[in-house]
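>>> No sequence on hand, only this structure:
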């Protein structure tokens with residue numbers, strides 16, 4: 001629990017009555033709790049003596065509650081609709097839900113949620129839901145979002161995945177990918193984004209035509225992992241798998257369009273470097289490959305040579321301490337038999 005509630009009335013967004021739910025309800029035993037039945041377990045809660053309402057009632061009601069806590073449905077953006085409603089009707093909110101919205105604001109509801117949390121969000125706790133909730137599958141981390149009636153200080157971000165805690169002034173400072181905003185990481189991000197501003201690989205993305213191309217898969221990198229200390233699997237920040245057929249694509253598929261086979265081979269060698277993969281990691285949070293904001297952070301070097309880990313770092317004059325950090329942050333994946 002992020003907050004010691006001293007209120008009389010609270011909503012609890014409830015799914016199946018697992019150990020976490022029973023623990024939460026035990027902690028709230030002194031309060032008048034109304035259960036919002038999010039997953040057809042209403043009878044169980046009624047037998048325990050709780051007042052139970054359906055989700056449609058929850059969204060229509062206008063009564064003010066002191067708190068709303070729980071675990072809303074995750075389908076599409078429904079969890080964000082629940083969060084918006086909770087913020088409208090409750091002074092204190094604590095929800096467990098998918099964290100993807102924190103890393104981006106591409107959808108209207110993501111922007112609405114962030115705007116509603118201004119001056120209210122106090123703490124965010126990131127964790128690996130695949131490990132925590134056995135038998136489930138989540139393609140991104142989960143977050144416990146803790147909001148209060150009014151909060152003017154920094155926002156605490158605790159990662160159960162890395163064991164680290166850091167503070168941001170507002171949600172606009174939240175990382176755009178699976179990394180933490182240390183001074184060194186931000187410094188490297190800025191170096192790479194500055195290089196990419198002069199040309200990035202997204203400029204090569206076209207629908208397949210008769211021209212030479214590199215056909216990286218549309219979906220690549222496994223976001224699901226059972227390791228509690230990882231955001232995703234070691235192959236998450238890649239452009240293609242080791243066994244991907246890069247010479248095959250459908251007429252309406254997106255590909256990297258190039259001028260000749262030499263450029264195709266050059267681009268492939270570049271995309272397999274940790275430099276390119278680190279650049280991809282700046283914004284990547286899903287398995288979808290051809291996302292403009294992912295590729296716009298990846299610089300486009302000259303495609304007139306075969307690139308190696310060493311040569312690309314030297315070409316862009318990457319500092320030794322930056323090279324060391326990149327090589328540590330990005331896991332080994334490709335076996336390269338290139339001259340160093």
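Happy to help now that I have it. Please read all numbers here as calculations on a predicted model, not as lab measurements. Numbering: from 1, shown residues only.
>>> Test my guess that residue 202 contacts residue 289.
No. Using CB atoms under 8 Å as the test, residue 202 is too far from residue 289 to be in contact (11.4 Å). All C-beta spots, glycine's among them, are computed from the backbone N, C-alpha and C.
>>> and residue 156, helix, strand or coil?
strand (DSSP: H, G, I helix; E, B strand; the rest coil).
>>> Skipping its backbone neighbours, what lies nearest it in space?
residue 123 (4.4 Å; CB to CB, 6 or more residues apart in numbering).
>>> which helices and strands does the one helix or strand that neighbour maps to pack with?
Element membership of residue 123, judged by DSSP states H and E, is strand 121-127. Counting contacts by 3 or more CB pairs under 8 Å, 6 or more residues apart in numbering; DSSP states H and E, strand 121-127 packs against strand 142-147, strand 155-159.
>>> Deepest-packed of the ones you listed, please.
Among the helices and strands packed on strand 121-127, ranked by average contacts under mean count of other CB atoms under 10 Å, first place goes to strand 142-147 (a mean of 23).
>>> can you give me the helices for the protein?
19-27, 42-47, 55-60, 78-89, 108-117, 129-132, 183-196, 261-271, 274-281, 292-295, 309-315, 320-329 (DSSP state H).
>>> could these be laid out in CSV, adding distance to residue 302?
CSV is the format used below for the helices of the chain (distance: least, CB to CB, whole Å):
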stretch, distance to residue 302
helix 19-27, 54
helix 42-47, 63
helix 55-60, 55
helix 78-89, 43
helix 108-117, 37
helix 129-132, 41
helix 183-196, 13
helix 261-271, 8
helix 274-281, 14
helix 292-295, 18
helix 309-315, 8
helix 320-329, 20
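>>> Run through this protein and note the low-pLDDT ranges.
1-8, 19, 336-340 (pLDDT under 70).
>>> Apart from its neighbours in sequence, what residue is nearest the residue nearest the centre of it?
The residue lying closest to the centre of the chain (CA atoms, centre = their mean) is residue 100, at 3.9 Å. Spatial nearest neighbour of residue 100, excluding adjacent residues (CB to CB, 6+ apart): residue 140 at 4.6 Å.
>>> Looking at the helices of the chain, which is nearest to residue 163?
helix 129-132 (13.8 Å; CB to CB).
>>> Tell me who's in contact with residue 236.
Going by CB atoms under 8 Å, 6 or more residues apart in numbering, residue 236 touches 178, 221, 222, 223, 284.
>>> The strand holding residue 123 pairs with which strands?
strand 142-147 (antiparallel), strand 155-159 (parallel) (DSSP bridges).
>>> Give me the contacts around it.
Contact with strand 121-127 is made by 2-3, 99, 102, 141-148, 151, 153, 155-161, 171, 174, 228, as judged by CB under 8 Å, 6+ apart.
>>> 6 Å instead?
2, 99, 141-144, 146-148, 151, 155-161 (CB atoms under 6 Å, 6 or more residues apart in numbering).
>>> Could you break the protein into its assigned domains?
The chain breaks down into these domains under automatic domain parsing: 9-173, 183-329.
>>> Redo the ones you listed as a markdown table? Include distance to residue 335.
A markdown table is the format used below for the domains of the chain (distance: least, CB to CB, whole Å):
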| stretch | distance to residue 335 |
| --- | --- |
| domain 9-173 | 27 |
| domain 183-329 | 8 |
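>>> Quick check: buried residues in stretch 62-74?
65, 66, 67, 68, 69, 70, 71, 72, 74 (16 or more other CB atoms under 10 Å).
>>> Alright, that wraps it up for me.
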